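Undergrad: no sequence on hand, only this structure:
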């Protein structure tokens with residue numbers, strides 16, 4: 001039987017090497033602090049979600065949550081070569097944002113049905129203001145269809161990393177883990193159920209963020225949602 005090399009062959013080794021290396025760099029080049037890591041469930045299907053401030057956030061999500069290998073869902077644009085080699089080696093998979101990407105949804109569900117960990121940024125894009133934006137409904141829909149626990153997290157400080165020279169100031173970067181949100185599996189989640197879970201996830205992430213990352217009433221109005229519950233919409 002002939003052995004065939006694929007991207008998956010190298011993923012575990014690259015993932016753990018990159019994740020541990022990133023933790024070392026964060027300690028060396030920034031004022032890195034993680035709170036609540038003991039809250040991360042070590043078994044069962046899990047969706048780790050957080051706010052999104054910078055392109056460095058995806059690997060930081062893995063470094064912050066730790067313990068279990070995470071499969072990241074990323075925008076399809078970052079998978080273009082030559083840079084696309086990195087997310088592939090990290091084990092990430094692409095999604096077309098703000099679109100009904102059925103293939104990505106099914107892939108995410110397969111990861112969770114195998115008891116894996118999925119990493120997502122429910123806003124679907126980086127925040128341009130630093131404030132938590134309106135969440136897309138994909139995360140809640142996947143959680144409800146699989147019964148995966150949702151783990152809300154908050155990232156702060158990465159918006160200061162604008163270029164390699166930013167690390168000279170040793171920016172303060174924090175990763176805060178919140179209380180897991182248990183979810184009951186539903187074969188056909190209704191729109192109301194998706195909206196309700198999206199609102200819970202929004203409120204959970206919002207509660208972990210310092211006041212400076214909270215949107216003003218005017219911004220919430222413009223987004224058509226309120227961050228203490230609000231309307232819905234995944235990565």
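TA: Right, received. Where do you want to start? This is a predicted model, so every value here is computed, not measured.

Undergrad: what's the single longest helix in the protein?
TA: helix 7-29 (DSSP state H).

Undergrad: which stretches of the protein have low pLDDT?
TA: 1-5, 7, 98, 216-235 (pLDDT under 70).

Undergrad: quick one: the strands in it, in order.
TA: Using DSSP state E, the strands found in the chain span residues 31-35, 46-50, 70-75, 93-95, 117-120, 149-156, 172-177.

Undergrad: now for the fourth one, which elements pack on it?
TA: To tie it back to what came earlier, the one meant is strand 93-95. strand 70-75, helix 102-113 (3 or more CB pairs under 8 Å, 6 or more residues apart in numbering; DSSP states H and E). For every residue, glycine as well, the C-beta is placed using N, CA and C.

Undergrad: with distance to residue 133 and mean neighbour count added, can I get the strands of the chain in CSV?
TA: What follows is the strands of the chain, written out as CSV (distance: least, CB to CB, whole Å; neighbours: other CB atoms under 10 Å):
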stretch, distance to residue 133, mean neighbour count
strand 31-35, 23, 16
strand 46-50, 12, 27
strand 70-75, 15, 22
strand 93-95, 17, 20
strand 117-120, 14, 26
strand 149-156, 14, 24
strand 172-177, 18, 21
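
Undergrad: tell me which of the ones you listed lies nearest to residue 193.
TA: strand 149-156 (13.5 Å; CB to CB).

Undergrad: that closest one to strand 46-50, inter-axis angle?
TA: 20 degrees (axes from the mean of the first three to the mean of the last three CA atoms, to 10 degrees).

Undergrad: what helices or strands is strand 149-156 leaning on?
TA: Contact partners of strand 149-156 among helices and strands, from 3+ CB pairs under 8 Å, 6+ apart: strand 46-50, helix 57-65, helix 138-146, strand 172-177, helix 191-208.

Undergrad: just to check, residue 36 is in contact with residue 180?
TA: No. At 10.4 Å, residue 36 does not count as touching residue 180 under the criterion of CB atoms under 8 Å.

Undergrad: burial count for residue 115?
TA: As a burial measure, residue 115 scores 12 neighbours (other CB atoms under 10 Å).

Undergrad: what does residue 69 give?
TA: Residue 69 is flanked by 14 other residues according to other CB under 10 Å.

Undergrad: try residue 203
TA: Residue 203 has 15 neighbours, counted by other CB under 10 Å.
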